[in-house]
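*Asks:* This is the structure alone, sequence omitted:
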C-alpha cells in the first residue's frame, strides 16, 4: 500500500495546476498607472517571507506520518509553490514588460537583478530549504533600489 508521502509529487503537481490559471491574470499589461511599483516589491517580499515560513513548516512536518501532518505538509508545499510562482509572474508580467527597458542607462544591471529574482523563485520551487527563501528575499530586496517607497501627501 502506497503512503501519502510516496504520492506527494503527484499530489502537488495535480493541485498546483489549479494555481497557474489564477495567477496568469495578475496584471492586465496596460499602462493604466494605478500600480505602485514599491507596493509590488513589498508584495514580493511578503511572498518571500511566506516561502521561508513554508520551508520551516515543511521541515517540521517531513518526518511525521500521520494523516493530519501529511495533509498539512501538502498544504505548505502548495503554499510555497504558489507564492514562488506569484513572484515569477510579478517579475515577468509586470516588471520586465513595463518597468525594465533598453533605453535605461542601467538596463543590463536591472535585467540581471530582475532575472536573479526569477531564478531564486525557481530554486524555491525546487527546494524545501528555508535558505532558498532567504536568497529569494535578498534578491527581491535589491529591487527596492529601483523602486523606492514614495510617500504620498494629501
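*Replies:* That came through, no problem. Keep in mind that this is a model prediction, so the values were computed, not measured. Numbering: from 1, shown residues only.
*Asks:* Now residue 136: closest residue in space that isn't a chain neighbour?
*Replies:* Closest residue to residue 136 apart from its sequence neighbours, by Cβ to Cβ, 6 or more residues apart in numbering: residue 120 at 4.1 Å. Where you see a C-beta, it was placed from the backbone N, CA and C, and this is true even at glycine.
*Asks:* Tell me the first helix or strand C-terminal of the strand or helix carrying the one you found.
*Replies:* Counting by DSSP states H and E, the element that carries residue 120 is helix 107-126. For helix 107-126, the succeeding helix or strand toward the C-terminus, using DSSP H and E, is helix 130-142.
*Asks:* Now do that following helix and helix 107-126, the angle between them.
*Replies:* Angle, helix 130-142 to helix 107-126, by axes from the mean of the first three to the mean of the last three Cα atoms, to 10 degrees: 160 degrees.
*Asks:* any idea how far helix 130-142 is from the chain center?
*Replies:* 10 Å (Cα atoms, centre = their mean, to the nearest Å).
*Asks:* So for that helix, mean pLDDT?
*Replies:* Here helix 130-142 scores 98 as its mean pLDDT.
*Asks:* who does the helix holding residue 120 touch, helix- and strand-wise?
*Replies:* Counting contacts by 3 or more Cβ pairs under 8 Å, 6 or more residues apart in numbering; DSSP states H and E, helix 107-126 packs against helix 37-61, helix 67-90, helix 130-142.
*Asks:* how about those in JSON lines, adding mean neighbour count?
*Replies:* Shown next, in JSON lines, are those (neighbours: other Cβ atoms under 10 Å):
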{"stretch": "helix 37-61", "mean neighbour count": "19"}
{"stretch": "helix 67-90", "mean neighbour count": "19"}
{"stretch": "helix 130-142", "mean neighbour count": "20"}
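*Asks:* out of those, nearest to residue 149?
*Replies:* Residue 149 sits nearest to helix 37-61 of all the helices and strands packed on helix 107-126, at 4.5 Å, using Cβ to Cβ.
*Asks:* what's the distance between that closest one and the middle of its chain?
*Replies:* 7 Å.
*Asks:* Can you give me the pLDDT of the most centrally placed residue in the chain?
*Replies:* Nearest residue to the geometric centre of the chain (Cα atoms, centre = their mean): residue 84, 2.4 Å. Per-residue confidence (pLDDT) for residue 84: 98.
*Asks:* my guess is it meets residue 121, correct?
*Replies:* Yes - contact status for residue 84 versus residue 121: in contact at 4.5 Å, counting by Cβ atoms under 8 Å.
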